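Trainee: Quick one: sequence and predicted model below, then my questions.
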Amino acid sequence: MFQLGKTLVSESILEKEFVCNLSACKGICCVEGDAGAPLDREETKILEDIYPKVKPFMIAEGIKAVEEQGTWISSEAGELETPLIDGKACAFINYDEKGIAKCAIEDAYNEGVVDWKKPVSCHLYPVRINDYTEFSAVNYHSWDICDDACTLGGELGVPVYKFVKEALIRKFGKDWYTELEKVAESLK
């Protein structure tokens, strides 16, 4: 790990390679798991505000989950998350004509209906951020359902930090990302 401002960054985001391969995985990361997408407090308010505009992009089961649970939930551990459909898929899911799971929020964003792309935790994946009092830890999350993404990233030679560049800039700013690039170059 190395320090960059008020972050501790795992070198694995520089070393590992990753490019989502939706044709192989079918967006399973939005369907599998035991928790919704992590949210910060500001994002819960955004979800409440944009839900009426995102709702037409959602599947019926997702709408039902949001109507019953709300646009966000607080887990037993006090973590803020998106609600789930029957304890599995994110409530904000939809499927394209090929059966690939997609984000209804991102679809609404891409159509110009909302100006918020999706929760930053989703945008950052496979990078996970753990916030502590004095710093944030920036780590690579390895999940076997993403093996095809690792293979494609290797074939294309795209390290994780480049794959999630836009999301890292969204989270930490352009200057932070420029410094990250300098560290990556120095480690080559």
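Mentor: Yes, it's here.
Trainee: When you work out contacts or count neighbours from here on, use the C-alpha atoms and nothing else.
Mentor: Fine.
Trainee: Can you tell me the centre-most residue of this protein?
Mentor: In the chain, the C-alpha nearest the mean C-alpha coordinate belongs to residue 122, at 1.1 Å (CA atoms, centre = their mean).
Trainee: That residue - that's part of a helix, no?
Mentor: Yes. Assigned with DSSP: H, G, I helix; E, B strand; the rest coil, residue 122 falls within a helix.
Trainee: Tell me who's in contact with it.
Mentor: Residues in contact with residue 122 (CA atoms under 8 Å, 6 or more residues apart in numbering) are residue 37.
Trainee: Tell me the spacing between it and residue 3.
Mentor: According to CA to CA, to the nearest Å, residue 122 stands 23 Å off from residue 3.
Trainee: Give me the pLDDT value at residue 132.
Mentor: Looking at residue 132, its pLDDT reads 87.
Trainee: what's around it, how many residues?
Mentor: Look at residue 132: counted by other CA atoms under 10 Å, it has 9 neighbours.
Trainee: Please apply the same query to residue 83.
Mentor: Neighbour tally, residue 83, other CA under 10 Å: 26.
Trainee: My reading is that residue 51 lies in a strand. Confirm?
Mentor: No. Assigned with three-state DSSP, residue 51 falls outside any strand and is helix.
Trainee: That one: what's it in contact with?
Mentor: So residue 51 contacts residue 71 (CA under 8 Å, 6+ apart).
Trainee: now swap in residue 36 and tell me
Mentor: 81-84, 89-90.
Trainee: The closest residue to residue 6 other than its chain neighbours: neighbouring residues, count only.
Mentor: Spatially, and ignoring its direct neighbours in sequence, residue 6 is nearest to residue 135 (4.8 Å; CA to CA, 6 or more residues apart in numbering). Number of residues near residue 135 (other CA under 10 Å) recorded here: 14.
Trainee: Okay, residue 135 and residue 115: tell me how far apart.
Mentor: In terms of CA to CA, residue 135 sits 29 Å off from residue 115.
Trainee: do residue 104 as well
Mentor: Using CA to CA, residue 104 is found at 13 Å from residue 115.
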